[in-house]
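Colleague: sequence and predicted structure are below.
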Amino acid sequence: MTLNGAQSIGTGEAINSGASNLSLSSTLTIDNGGTLSSDNGSVTISSGLALNNGGTLSSGSGQVQIGGAITLDGELRQGGGLLNLIGGGTVGSTGRLDVSHSRLQLGSALSIPGTLVVNSGTYWSGLGGTVDLSAGTLESSGGTLSLDQFTTGANTSFKLSGNTEITSSDNMTFGTLDLGGNKLTLGTGSKGLTLPNTLTMDNASSAIETKNVNLTLGKALSLTSGSITSTGGTLTFTGGLTLGAAGALDVTGSTLSVSGALDLSSGTFSSDNSSMLDLQAATTLSANDQVTGQNPVTFEDVHFNGNVLTLGSASTHLKVNDALALSGIALETGAGSLTLSGALALTDNASLNSSGGTITLVSGASAPSGTSISIPGTTLVLEKCFVTHWSNSEDKWDDVHNKR
């Protein structure tokens, strides 16, 4: 069936082409309450499509091809087959483009301030232009998505209703991430994901698995429930992190980059001998030595970057495997405990200050003149000679135990 000239489907009007092929030689306008539907037949619109708010275009397994630009303020549902938007266009703020179980192809750029709906049966190929979601919403009910030709930003929302894996050779940014009790996986080889706004983690089934991909959170995170797991790359918590009783954080083989409060005193924390702690600013680490994975909290190395690290409680026990160099900064262990497998070297007015707990130096230490060690009320365990060149008469040694 062929319709010539510009066509419109008004309020309360409907066209159902069923299994027949429908071809329109010019533009098509679908108004509020208007409907164009097909089953397994194709729909070809030679020019543009204006789908107004409240209007609907739905297709089954047949192909839909639109030659001109679309202006989509209503809903276009492609139930299967190919949706070929040759002229690209715009999905407005009230628009909804549903390509579940379908293939999307573009001949030009597509801007989506509205909503793009995808699932495990969605894929795209032959994208002749970018998909701009920098002010739109991406909804996924599951599957694996390549976002290589997608633009995202601080005003992009990403909503999951099923487990989803995303990949991109460029940095991805989502202003809002709603996991909804589902798992988001960052595909291996992706460049990174940034979440500039507050992330809510309060569902036991919500999870983020970053593999070897960098994840950056711009605001403080309360990981009340659910999990974040990394096996490589860097997890950055710019505003700090508090781990709740039902929360889990795994930084095995990864770098944990933090500032402010790093409170691991509840929940489950996992690290290994290749995990790194990186300080963006002064940081207070709190842990619970009665919880598995926190007795002690273990890192291969600590990158101070000129910032002070403080242990926040008597139940906090930090173990560092590599040699630890303090230059011009303080390590404040307070009432907590510190175990250093590598040698400790203090230079340039650096200081180690403790008011309790146990300091264990497996490989000894070097503290030349001008540095400071203050450990009143602290048990100091030496497993190798402690080399000093002090000229500071105020340095104090209490309860020193040399196990050599």
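Modeller: That came through, no problem.
Colleague: on the three-state scheme, the nearest residue in space to N288 that is not next to it in sequence is what?
Modeller: Counting by Cβ to Cβ, 6 or more residues apart in numbering, N288 lies nearest to S265, which is 4.4 Å off, once chain neighbours are set aside. (Glycine included, C-beta is placed from N, CA and C.) Here S265 is recorded as coil under DSSP: H, G, I helix; E, B strand; the rest coil.
Colleague: what score does S265 have for pLDDT?
Modeller: The per-residue pLDDT reported for S265 equals 92.
Colleague: neighbours of it, how many?
Modeller: By other Cβ atoms under 10 Å, 20 other residues sit near S265.
Colleague: is it in contact with L243, as I believe?
Modeller: Yes - assessed by Cβ atoms under 8 Å, S265 is found in contact with L243 at 7.4 Å.
Colleague: rewinding a little: for the residue nearest to N288, what are its contacts?
Modeller: S265 makes contacts with 243, 286-288, 291, 294, 313, 315-316, as judged by Cβ atoms under 8 Å, 6 or more residues apart in numbering.
Colleague: and if you look at G80?
Modeller: 59-62, 101-102, 121.
Colleague: any figure for the gap between it and A323?
Modeller: As judged by Cβ to Cβ, to the nearest Å, G80 and A323 stand 60 Å apart.
Colleague: any low-confidence regions in the stretch 51-200 of the chain?
Modeller: For the stretch 51-200 of the chain, no stretch is flagged by pLDDT under 70.
Colleague: neighbour count, secondary structure and distance to S369 for the contacts of S265 - can I get that in TSV?
Modeller: As requested, those are exported to TSV (neighbours: other Cβ atoms under 10 Å; DSSP: H, G, I helix; E, B strand; the rest coil; distance: Cβ to Cβ, whole Å):
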residue	neighbour count	secondary structure	distance to S369
L243	27	strand	41
S286	21	strand	33
A287	26	coil	34
N288	21	coil	38
V291	18	coil	41
Q294	25	coil	37
S313	18	coil	33
S315	19	coil	35
T316	28	coil	30
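Colleague: turn those into JSON lines, including pLDDT and distance to T90.
Modeller: Output for the contacts of S265, formatted as JSON lines (pLDDT from 0 to 100; distance: Cβ to Cβ, whole Å):
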{"residue": "L243", "pLDDT": "95", "distance to T90": "43"}
{"residue": "S286", "pLDDT": "96", "distance to T90": "49"}
{"residue": "A287", "pLDDT": "94", "distance to T90": "51"}
{"residue": "N288", "pLDDT": "90", "distance to T90": "53"}
{"residue": "V291", "pLDDT": "74", "distance to T90": "52"}
{"residue": "Q294", "pLDDT": "74", "distance to T90": "51"}
{"residue": "S313", "pLDDT": "95", "distance to T90": "54"}
{"residue": "S315", "pLDDT": "95", "distance to T90": "56"}
{"residue": "T316", "pLDDT": "95", "distance to T90": "54"}
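Colleague: now, which of those residues sits nearest T347?
Modeller: Proximity of the contacts of S265 to T347 (Cβ to Cβ) peaks at T316, which lies at 25.3 Å.
Colleague: ok, that closest one to L338 distance?
Modeller: In terms of Cβ to Cβ, T316 sits 9 Å off from L338.
Colleague: try V64
Modeller: From V64 across to L338, the span is 65 Å (Cβ to Cβ).
Colleague: still on that earlier bit, which of the contacts of S265 sits closest to S111?
Modeller: The closest of these, once distances to S111 are taken by Cβ to Cβ, is L243, at 39.7 Å.
Colleague: which one is the closest one nearest to, not counting chain neighbours?
Modeller: G267 (4.0 Å).
Colleague: G247 against S266, yeah?
Modeller: Yes - counting by Cβ under 8 Å, G247 touches S266, with 7.3 Å between them.
Colleague: so which of those two has more stuff around it?
Modeller: G247 (25 against 19).
Colleague: I'd like to know which elements the one helix or strand the more buried one maps to is packed against.
Modeller: In this structure, G247 sits in strand 241-250 according to DSSP states H and E. Where contact means 3 or more Cβ pairs under 8 Å, 6 or more residues apart in numbering; DSSP states H and E, strand 241-250 is packed against strand 221-230, strand 255-263, strand 268-270.
Colleague: only the buried residues of stretch 96-115, if you could.
Modeller: Judged by neighbour count using 16 or more other Cβ atoms under 10 Å, the buried positions of stretch 96-115 are 96-107, 109-115.
Colleague: among those, which lie within strands?
Modeller: 96-98, 103-106, 110-111, 115 (DSSP state E).
Colleague: residue contacts, N197?
Modeller: Each residue near N197 by Cβ under 8 Å, 6+ apart is listed here: 154, 175-176, 218-219.
Colleague: wait, which of those is closest to N21?
Modeller: Closest to N21, out of all of these and judged by Cβ to Cβ, is T176, at 40.9 Å.
Colleague: okay, and the beta partners of that closest one?
Modeller: Beta-bridge partners of T176, counted by DSSP bridges, are S157.
Colleague: that one touches S157, doesn't it?
Modeller: Yes - with contact defined as Cβ under 8 Å, T176 counts as touching S157 (4.2 Å).
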